[in-house]
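[1] Quick one: sequence plus predicted model below, questions after.
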Amino acid sequence: MRDSTIHSRLRDLHGALRLIEPGVDVDFIIRPRGFGLRRALPPVPKPFSIVESGELLRRALELFEAGRRGERYAGGAAAIRDAALLGLLAAHAPRIGSIAAMRVGVQLRRTGEGYTVDFGEEDIKTRRRLSYDLHPALVPVFDVYVADARPALGGSGTETLWCGTKERALGVGGLSKIVFRRTREWLGVAHGPHWFRKCLRTTAARYSPEAALDAAALLGHGAEVSVRHYMEAGATAALERHAKRIAHRRERGRLLAERFFAEGERARRRLDYNHPASDEETSP
């Protein structure tokens with residue numbers, strides 16, 4: 001259990017006990033030995049790895065091509081479905097609950113040369129409507145999925161966008177299993193749908209504050225959240241640059257040392273050749 005979770009549960013316990021027994025001092029729960037929880041039990045950030053969103057989108061498009069060749073389960077239809085799902089997460093990273101609510105012609109609409117993704121207030125955790133154009137690279141993926149792969153999986157009998165076999169719609173649990181399985185295949189480590197939001201947020205923040213604010217709008221965050229991640233990503237990038245500089249200088253030092261050692265060795269050998277030791281020097 002993470003420290004932040006322990007903090008939250010201790011505060012909940014403190015609040016509940018104050019309601020049950022208002023006259024009893026229970027502050028020791030949130031101030032053990034007179035120290036605050038953060039001092040008594042410093043929170044440790046949960047480590048996680050990040051992959052550039054462009055790389056994740058590239059892998060999704062490769063999966064789509066494999067599906068078009070008929071590879072994998074259901075003659076490639078499952079791979080095409082998974083490519084559409086993972087591509088949507090890589091490019092736009094909506095919450096998995098919003099993805100599960102998508103219906104053809106409602107949250108996903110064909111408009112002109114592409115698609116519009118339109119989540120209503122009831123589809124979004126923050127209750128704020130969110131609408132955007134689908135990434136152009138995903139248009140052919142969704143064309144093939146909606147027209148061919150989805151009916152092949154039995155999706156003609158359901159109005160929801162995502163379906164498994166036997167005309168059964170995929171909910172949050174089923175979609176999450178797909179994401180865990182595919183990311184394990186790609187990276188050797190399974191990641192859930194929310195991880196894509198971290199990747200997109202960090203990828204955008206590494207480029208500029210403006211991109212961080214764009215990510216805030218896309219992900220449905222407040223601007224301050226993405227600006228904070230921009231600062232964190234900037235610090236991370238600075239550390240990476242510093243580490244690369246140190247590694248570069250160490251390598252230069254190693255090469256210089258090898259060169260000077262080799263030159264010294266050649267000079268010693270020339271000296272030995274030109275001035276061989278006398279019998280007196282070599283005699284015991």
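    Arrived safely.
[2] Just say helix, strand or coil for Tyr132.
    Three-state assignment for Tyr132 (DSSP: H, G, I helix; E, B strand; the rest coil): strand.
[3] For the helix or strand where Asp12 lies, which residues meet the burial criterion?
    For Asp12, the element it lies in under DSSP states H and E is helix 3-20. Buried residues in helix 3-20, defined by neighbour count with 16 or more other Cβ atoms under 10 Å: His7, Leu10, His14. C-beta: built from backbone N, CA, C; applies to glycine.
[4] what would those look like in a markdown table with pLDDT and distance to Leu134?
    Formatted as a markdown table, the buried residues of helix 3-20 follow (pLDDT from 0 to 100; distance: Cβ to Cβ, whole Å):
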| residue | pLDDT | distance to Leu134 |
| --- | --- | --- |
| His7 | 76 | 40 |
| Leu10 | 85 | 44 |
| His14 | 86 | 47 |
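[5] before we move on, back to that, counting by contacts, list what the helix holding Asp12 packs against.
    Contact here means 3 or more Cβ pairs under 8 Å, 6 or more residues apart in numbering; DSSP states H and E; on that basis helix 3-20 packs against helix 37-40.
[6] Find the residue ranges of this protein scoring beneath the pLDDT cut-off.
    Counting by pLDDT under 70, the chain shows low-confidence ranges at 1-4, 43-48, 167, 205-246, 271-284.
[7] ok, now which ones touch the residue nearest to Arg72 when sequence neighbours are not counted?
    In space, and not counting its chain neighbours, Arg72 is closest to Ala79: 4.2 Å by Cβ to Cβ, 6 or more residues apart in numbering. Applying Cβ atoms under 8 Å, 6 or more residues apart in numbering to Ala79 gives the contacts Leu63, Phe64, Ala66, Gly67, Glu71, Arg72, Tyr73.
[8] One more pass at 10 Å, please.
    62-73, 149, 182 (Cβ atoms under 10 Å, 6 or more residues apart in numbering).
[9] Which parts of this structure are strands?
    108-111, 114-119, 130-133 (DSSP state E).
[10] so what are the domain limits for the chain?
    3-40, 53-191 (automatic domain parsing).
[11] From Leu134, how far out is the closest residue to Pro136 other than its chain neighbours?
    Nearest-residue entry for Pro136: Gly114, 6.4 Å, with adjacent residues in sequence omitted and distances by Cβ to Cβ, 6+ apart. Noted for Gly114: a distance of 6 Å to Leu134, by Cβ to Cβ, to the nearest Å.
[12] So between these two, which is more surrounded?
    A direct count of neighbours by other Cβ atoms under 10 Å for Gly114 and Leu134 places Leu134 higher, at 22 against 15.
[13] Which residues are in contact with the more buried one?
    84, 87-88, 91-92, 108-111, 114-117, 141-142.
[14] about what we covered before: distance to Arg269 for the domains of the chain - can I get that in JSON lines?
    Formatted as JSON lines, the domains of the chain follow (distance: least, Cβ to Cβ, whole Å):
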{"stretch": "domain 3-40", "distance to Arg269": "63"}
{"stretch": "domain 53-191", "distance to Arg269": "50"}
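[15] Check these for me and report the most buried one.
    Of all these, domain 53-191 carries the top mean neighbour count, a mean of 18, counting by mean count of other Cβ atoms under 10 Å.
[16] returning to that earlier point: how close does the residue nearest to Pro136 get to Phe196?
    21 Å.
[17] Same check on Thr203?
    For Thr203, the distance to Phe196 equals 10 Å [Cβ to Cβ].
[18] circling back: pretty sure the residue nearest to Pro136 is touching Phe142, no?
    Yes - using Cβ atoms under 10 Å, Gly114 is in contact with Phe142, at 9.0 Å.
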